[in-house]
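Engineer: Whatever this is, show me its structure:
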Amino acid sequence: MSRSIGFSCLLLLLACSLSQAAEKNIIFFITDDESPTLGCYGDAIAVTPNIDALATDGTRFTNAFATTASCSASRSVVMSGLHNHRNGQYGHQHAFHKFSSFYNVISLAMPRVLARAGYRTAQIGKYHVAPEEVYRFEKYIKGNGRNALQMANAAREFITDTEDERPFFLYFGTSDPHRGGGKDQTSKLELKADLFGNKPNRGSHQGIDEVFYDPAKVPIPDFLPDTAETREELAQYYQSCSRIDQGVGRLVEILKEAGLYDKTMIVFTSDHGMAFSGGKTTVYEGGLKVPFVVRNPYQKKRGVVSKAMISHIDITPSLLDFAGGLDAKTNGPQDPLNANKYWKDRGENLKENRGAQYTSYHGKSWIPILGNADAEHWETVFASHTFHEIQMYYPMRVVRDKKYKLIWNIAHGLPYPFASDLWAASSWQAQFRKGKDAPYGKKTVGQYINRPRFELYDIYADPNESKNLAINPQFAKVLEAYQAKLKAFQKRMQDPWIMKWDYE
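Structural biologist: Numbers count the residues shown, from 1 in each chain. All right, here's what the predicted structure looks like:
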């Protein structure tokens, strides 16, 4: 009789455990090339009511940074918690670029660790990392990356699945507002705007209530020139962003209809800043600063605005922390996968390109500071860019705190390389054709293409990075101090490019 009672108690405890775990669902929503151009970030023209509502019901971070403004490299950081120079994915994964993460990153990879923490996992939309076996999800859902509303509907069955008692983790990646889809042939300008995934001739994606923007009314970021070409491209960009917002709204509807909204954490961010020269592929603020909104249903205080500095390296450990699977002592998974054994059991010979043993994340969880406007996170953040497309070798390393920002242009002797879509952009070409002295944001075309070895900015007083203090003798000691910080970071993170201090 006592055995029967004990077994019944065990079953009851197990049922309670499953019930509690199933309440902690996660939707991670990541867009493609989006800056904080949202109503909740003070953008006067952005029509983004659903993301704004998440911010009102959660925490909005005003100092969130990507570590690199390149799609694949950034996503490898997001999904591993490791800087890209350490996880091995130095640039684009697709086509002839062929960059890939080290196999042993599997020990820390986002979908892997969440599955081991008891989650059913699924991915929809843009993926753009490799190898798939490292970043493997249990389920892959087909969806149109240019229509976040359609993607949400496609993910509904997975979200509302009641047959699997495990909590769910959904990785939701849009292709918007990435450039693409051709040129706006309705433009009267010689250099016509990219469509940013919008339908030509003011058409609409299925089910989307498209928001069209007046080029004359769009705000011009400080790193861009105020020209007709820039304005037309920004109008297309904003339209693409508003389409994303409708996908967020549909996801929330699905969660509420299923009684899951108050059991699901939603994280909204982008892989890096907008796809304009001065943003994407650079380590300037326009490239690294991203929107970051977290709606944690268990957060007591709502509508919090946090100035804490957070980084994309923090995402995977934070999600794992929310899931209850982060080991506070190791800053790694509580149930780590033995990568060497995993690949050996598969019969894989990994003498090359295997990486090191990975037991802890570079990032740290921001879960404890949600809802606390006064909390700090990092005193200093770092960025590490090496490639975008494979022909674009231009490694840069960055150290930034709330006072100063140092950029080391390791290949400063070379002209700055352009991503193919950014080179063709009307907003760039209109100024480039005017010559090197033509203005481009706070710089000239020539200054943008030919960069000094070091760029030092008083980022507090000069957030637009307009005045390089590295050439000012009065800031020699500051320069030296931040160079030392950067070198120490590279040594700690085993950055192969640290040798360039001695050889170049």
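
Engineer: List the pairing partners of the helix or strand where residue 27 lies within its sheet, with orientation.
Structural biologist: For residue 27, the host element (DSSP states H and E) is strand 25-31. Strand 25-31 has its sheet partners listed here by DSSP bridges as strand 168-173 (parallel), strand 264-270 (parallel).

Engineer: ranges for the strands of the stretch 251-400 of the chain?
Structural biologist: With strands called from DSSP state E, counting those that start in this stretch, the stretch 251-400 of the chain shows them at 264-270, 292-295, 304-311, 326-327, 332-333, 381-385, 396-400.

Engineer: Among these, which comes closest to residue 407?
Structural biologist: strand 396-400 (5.3 Å; CB to CB). C-betas here are computed from N, CA, C, even on glycine.

Engineer: neighbouring contacts of stretch 314-327?
Structural biologist: Applying CB atoms under 8 Å, 6 or more residues apart in numbering, the external contacts of stretch 314-327 come out as 21, 24, 26, 28, 78-81, 108-110, 113-114, 116-119, 167, 169, 265, 267, 269, 296, 331-335, 361, 363-367, 377.

Engineer: Kindly report the same for stretch 160-167.
Structural biologist: The contact list for stretch 160-167 (CB under 8 Å, 6+ apart) reads 18, 21-26, 118-120, 168, 254, 258, 260, 323.

Engineer: These, buried ones only, as a ChimeraX selection?
Structural biologist: This is how ChimeraX selects the buried members of the contacts of stretch 160-167, with burial counted by 16 or more other CB atoms under 10 Å:
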select :21,22,24,25,26,118,119,120,168,254,260,323
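
Engineer: and of the contacts of stretch 160-167, the nearest to residue 494?
Structural biologist: Nearest to residue 494 among the contacts of stretch 160-167, with distances taken as CB to CB, is residue 323, at 27.9 Å.

Engineer: what separates the closest one from residue 168, distance-wise?
Structural biologist: Using CB to CB, to the nearest Å, we find residue 323 at a distance of 11 Å from residue 168.

Engineer: Can you check which residues contact both of these two?
Structural biologist: With CB under 8 Å, 6+ apart as the test, residue 323 and residue 168 both reach 26, 119.

Engineer: still on that earlier bit, dump the strands of the stretch 251-400 of the chain into JSON lines; add mean neighbour count and distance to residue 467 as well.
Structural biologist: JSON lines is the format used below for these (neighbours: other CB atoms under 10 Å; distance: least, CB to CB, whole Å):
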{"stretch": "strand 264-270", "mean neighbour count": "25", "distance to residue 467": "28"}
{"stretch": "strand 292-295", "mean neighbour count": "26", "distance to residue 467": "28"}
{"stretch": "strand 304-311", "mean neighbour count": "20", "distance to residue 467": "22"}
{"stretch": "strand 326-327", "mean neighbour count": "20", "distance to residue 467": "41"}
{"stretch": "strand 332-333", "mean neighbour count": "24", "distance to residue 467": "41"}
{"stretch": "strand 381-385", "mean neighbour count": "25", "distance to residue 467": "20"}
{"stretch": "strand 396-400", "mean neighbour count": "24", "distance to residue 467": "16"}
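
Engineer: Dump these into JSON lines; add mean pLDDT as well.
Structural biologist: Output for the strands of the stretch 251-400 of the chain, formatted as JSON lines (pLDDT from 0 to 100):
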{"stretch": "strand 264-270", "mean pLDDT": "98"}
{"stretch": "strand 292-295", "mean pLDDT": "98"}
{"stretch": "strand 304-311", "mean pLDDT": "98"}
{"stretch": "strand 326-327", "mean pLDDT": "98"}
{"stretch": "strand 332-333", "mean pLDDT": "98"}
{"stretch": "strand 381-385", "mean pLDDT": "96"}
{"stretch": "strand 396-400", "mean pLDDT": "98"}
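
Engineer: Using CSV, lay out those together with distance to residue 98.
Structural biologist: What follows is these, written out as CSV (distance: least, CB to CB, whole Å):
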stretch, distance to residue 98
strand 264-270, 25
strand 292-295, 30
strand 304-311, 27
strand 326-327, 32
strand 332-333, 29
strand 381-385, 18
strand 396-400, 21
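
Engineer: Output the longest helix belonging to this structure.
Structural biologist: Taking DSSP state H as the criterion, the chain has its longest helix at helix 228-257.

Engineer: what about the strands of the stretch 251-400 of the chain, which gets the closest to residue 493?
Structural biologist: With respect to residue 493, and counting by CB to CB, the nearest of the strands of the stretch 251-400 of the chain is strand 381-385 at 7.8 Å.

Engineer: Against which helices or strands is the closest one packed?
Structural biologist: strand 304-311, strand 396-400 (3 or more CB pairs under 8 Å, 6 or more residues apart in numbering; DSSP states H and E).

Engineer: Just the angle for whichever strand or helix holds residue 155 relative to strand 25-31, thanks.
Structural biologist: Per DSSP H and E: residue 155 is located in helix 148-159. In terms of direction (axes from the mean of the first three to the mean of the last three CA atoms, to 10 degrees), helix 148-159 departs from strand 25-31 by 160 degrees.
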